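Asker: structure, please.
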Amino acid sequence: MAVDVQQSIYTELADFLVSRPTLEEIAAYQVSPGVQQYLDDLLEKNREGVLSADERLELEKILAVSHMMTLTKTKAQLKLAGKA
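Answerer: Now for the predicted structure:
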């Protein structure tokens, strides 16, 4: 059963960003445990080769958001270390 976790991720990120986080908070950011569990479940289904077409599309969108946050966190860490 598909969960609208994509909306949850977007909402979580929007709420986080409008809270005006510090660089330290950005560097430490993690999605909620519920979103992480759903992502882990999708990744496991992908490894097992049993992902539906809709789930594959959802996973790709979630991973795109995750990649953007990883880049943002890395830039925050570099700035904190005085390397950016």
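
Asker: contacts, neighbours, all on C-alpha from now
Answerer: OK.

Asker: pLDDT (mean, whole number) over stretch 9-22?
Answerer: In this model, stretch 9-22 has a mean pLDDT of 93.

Asker: contacts for that stretch, please.
Answerer: The contact list for stretch 9-22 (CA atoms under 8 Å, 6 or more residues apart in numbering) reads V31, V35, I62.

Asker: repeat that for stretch 29-44.
Answerer: V5, S8, I9, E12, L51, E55, L59, I62, K73.

Asker: ok, and the closest non-adjacent residue to R56?
Answerer: Closest residue in space to R56, ignoring its immediate chain neighbours: N46 at 7.7 Å, by CA to CA, 6 or more residues apart in numbering.

Asker: okay, and that neighbour sits in which element?
Answerer: Taking DSSP states H and E as the definition, one finds N46 inside helix 33-48.

Asker: tell me the mean pLDDT over that helix?
Answerer: What helix 33-48 shows for mean pLDDT is 93.

Asker: so how far is it off the chain centroid?
Answerer: Averaging C-alpha positions (CA atoms, centre = their mean, to the nearest Å) puts helix 33-48 12 Å from its chain's average.

Asker: buried residues in stretch 45-61?
Answerer: L51, E55, R56, E58, L59 (16 or more other CA atoms under 10 Å).

Asker: narrow those to those in helices?
Answerer: Those of those mapping onto helices are E55, R56, E58, L59, per DSSP state H.

Asker: could I get those residues in a markdown table, plus columns for distance to L80 and pLDDT?
Answerer: Formatted as a markdown table, those follow (distance: CA to CA, whole Å; pLDDT from 0 to 100):
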| residue | distance to L80 | pLDDT |
| --- | --- | --- |
| E55 | 37 | 93 |
| R56 | 36 | 95 |
| E58 | 33 | 89 |
| L59 | 31 | 92 |
